[in-house]
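S.K.: Fold the stuff below for me.
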Amino acid sequence: MPVMMRWGEFRFSVPTYSIEELKRKVEGRVVPVPVVGAVAQVHTLGANPDTITLQSTFYPHHLNKMGITQLRGIQAAIRAQKPALLVHGSGSVLGLWVGRISNENETFWGAHPIPEKFETTMELTQYVAPEDSERQKAVNSFISISI
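M.R.: Next comes the predicted model:
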């Protein structure tokens, strides 16, 4: 079964838990600074971490509930906030990413207490490791002087 994407221990593939849509957001931090009587100046503050949103629809009744098991595992990983390696199906290694949001919509309830259709959205944020301790000490020292 071809793997479309992998995040840590989770594999997204047909037919268990496929991805229908991937959206990537790349964002810079730009802040306008008001100037009296003139157009506001713009300060660039660097980049924000990228985010990726994955959308999926699966039907657990036909898949021996494998999609539900993976969904619950993904939700547990998001709660744990542990960064994991993200690999695209093309083989591109995208680095470490941490799960931020998992939304699910359960529809088409049948005779059994298990939904027949799941629509899910998961958001991952690029993990940027904290700076080294010496730099952090310098920042903390500056903050304490400024206050």
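S.K.: can you give me phi and psi for the residue nearest to the spatial centre of the chain?
M.R.: The chain has residue 124 as the residue nearest its centroid, 0.7 Å off, counting by CA atoms, centre = their mean. Main-chain torsions, residue 124, degrees, to the nearest 10: phi -110, psi 140.
S.K.: so how far is stretch 84-100 off the chain centroid?
M.R.: 10 Å (CA atoms, centre = their mean, to the nearest Å).
S.K.: in this structure, which spans are strands?
M.R.: 3-7, 10-13, 21-25, 28-35, 38-47, 51-58, 84-88, 93-109, 115-126 (DSSP state E).
S.K.: what comes up buried for the longest one?
M.R.: If I follow you right, that is strand 93-109. 94, 96-99, 102, 104 (16 or more other CB atoms under 10 Å). For glycine as for every other residue, the C-beta is placed from the backbone atoms N, C-alpha and C.
S.K.: Tell me how far it lies from the chain's centre.
M.R.: 7 Å.
S.K.: ok, now the second one?
M.R.: For strand 10-13, the gap between its own C-alpha mean and the chain's C-alpha mean amounts to 15 Å (CA atoms, centre = their mean).
S.K.: Many thanks, I have nothing further to ask.
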